[in-house]
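Enquirer: Below are the sequence and a predicted model; questions follow.
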Amino acid sequence: MKVARFHAPGDIRVEDAPEPSPGPGEIKIRVRNCSTCGTDVKIFKHGHHHIRPPRVMGHEIAGEIAEVGAGVTGWAPGDRVQVIAAIPCGQCEECRRGRMTVCPNQESMGYHYDGGFAEYTIVPAKVMAVGGLNRIPEGVGFAEASVAEPLACVLNGQELARVGDGDDVVIVGSGPIGCLHVRLARSRGAGRVFLADINPERLTMAADLVRPDEAISGRDVDVVDEVLKLTGGRGADVVITAAASGAAQQQAVQMAARQGRISFFGGLPKDDPFIALDSNLVHYRELTIVGANGSSPRHNARALELIATGAVPVGDLITHRIPLGEVLAGIDIVSRGTAIKVTVEP
């Protein structure tokens, strides 16, 4: 079978590999779609400390069961399934307390285990043990189901930031994650949703799809000033930084309303993780700043429901579909920000 393996930074190869067989407690799936994201770009450029090459990449996985391993019950060949990316251990103190997104023993598809940039992949027993394999609802395609994983991460972020009825929400970053944030905020009852970016071309492309109440180009205006104008000087109830930008995080604090909630959704580069924070704004405005780290199996299951019911449409966000042999071109498209969502179809 064909796979796309990471060997070293700048070195991803599409090559032949033996077709895998499932061990006890495992399931083999025929991958139908594995979507790409900014993390794949970072791995391609810089590697990752959890990846020991060669490793098959890809963590936004949907497909159909081809074979079940010994001891697996309740699943059969032909079942259409979506796979979690982040795998909590299910046993540690955090997992027992229901905090699976911050499991210290967390592993991941495409990092610790071979991922979905392949014709076939194995769902590890650890995924099955935490309920990390989901049935794809009727009417949801494989490509849409693969977007459940990033939507699950967005759902975790908005739950932590308590996005709700009547909120003015600002989302900084108009990539696929930003677009999902816009649509999820609307489904959660937000009053107005504003989308900001410093890339005017990508902002226009995203705004044409998800229709925010206002698209704010950071290239043309001061984002903080514009948000204050749009909210009558009050600021936003929720600000979500869906970009790996320290400047965006600093601006988020400045544009938040009193008792506003700020989600540092996008992580910063590990060699530059510090920002200048006006802690008096946090103090006197009673701001809440929260992080957001991936998703849990529960979030993945809920994300599929949101897609299936139409509460959060994702099909039109998939702007590029490419075969496995062109995965490097797909990663380049993501890197240049000229697409919303790119999916690989092995």
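Expert: Here it is on my side, so go on.

Enquirer: CA atoms only for stretch 158-175, dumped as CSV, please.
Expert: What follows is stretch 158-175, C-alpha atoms only, in CSV (Å, rounded to 0.1, in the frame of the first residue of the first chain):
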residue,chain,number,x,y,z
GLN,A,158,-15.6,27.3,23.3
GLU,A,159,-16.8,25.2,26.2
LEU,A,160,-13.9,26.5,28.3
ALA,A,161,-14.5,30.1,27.2
ARG,A,162,-18.2,29.7,27.9
VAL,A,163,-19.4,31.0,24.5
GLY,A,164,-23.2,31.5,24.8
ASP,A,165,-26.4,33.4,24.2
GLY,A,166,-26.0,37.0,23.1
ASP,A,167,-22.2,37.1,23.3
ASP,A,168,-20.1,39.4,21.0
VAL,A,169,-17.4,37.0,19.9
VAL,A,170,-14.1,38.0,18.1
ILE,A,171,-12.1,35.3,16.4
VAL,A,172,-8.6,36.2,15.3
GLY,A,173,-7.4,33.9,12.5
SER,A,174,-9.5,33.0,9.4
GLY,A,175,-8.0,29.6,8.6
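
Enquirer: starting at the chain centroid, how far to that stretch?
Expert: Put simply, stretch 158-175 sits 15 Å off its chain's centre (Cα atoms, centre = their mean, to the nearest Å).

Enquirer: ditto for stretch 53-64
Expert: 15 Å.

Enquirer: What is the end-to-end distance of that stretch?
Expert: This stretch, stretch 53-64, spans 27 Å end to end (Cα to Cα, to the nearest Å).

Enquirer: Repeat that for stretch 93-109.
Expert: End-to-end for stretch 93-109, by Cα to Cα: 22 Å.

Enquirer: could you give the mean pLDDT of it?
Expert: Confidence for stretch 93-109, expressed as mean pLDDT, is 97.

Enquirer: Not counting its own residues, what contacts it?
Expert: With contact meaning Cβ atoms under 8 Å, 6 or more residues apart in numbering, stretch 93-109 is reached by 50, 58-59, 61, 83-92, 113, 115-116, 121, 126-127, 130, 156, 293-299. In this view, the C-beta of every residue, glycine as well, is placed from N, C-alpha and C.

Enquirer: and that stretch, which residues are buried?
Expert: For stretch 93-109, burial by neighbour count (16 or more other Cβ atoms under 10 Å) applies to Glu94, Cys95, Met100, Thr101, Cys103, Gln106, Glu107, Ser108, Met109.

Enquirer: just to revisit the earlier point, can you say which of the contacts of stretch 93-109 are buried?
Expert: Buried among the contacts of stretch 93-109 (16+ other Cβ under 10 Å): 58-59, 61, 83-90, 92, 113, 115-116, 121, 126-127, 130, 156, 294-299.

Enquirer: Now, the residues you listed that are in helices?
Expert: Judged by DSSP state H, the buried ones among the contacts of stretch 93-109 include Lys126, Val127, Asn156, Pro297, Arg298, His299 as members of helices.

Enquirer: Quickly list the domain ranges of this structure.
Expert: Annotated domains of the chain cover 2-147+314-345, 153-291 [automatic domain parsing].

Enquirer: Just send those back as a markdown table, with distance to Ile307 too.
Expert: A markdown table is the format used below for the domains of the chain (distance: least, Cβ to Cβ, whole Å):
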| stretch | distance to Ile307 |
| --- | --- |
| domain 2-147+314-345 | 6 |
| domain 153-291 | 10 |
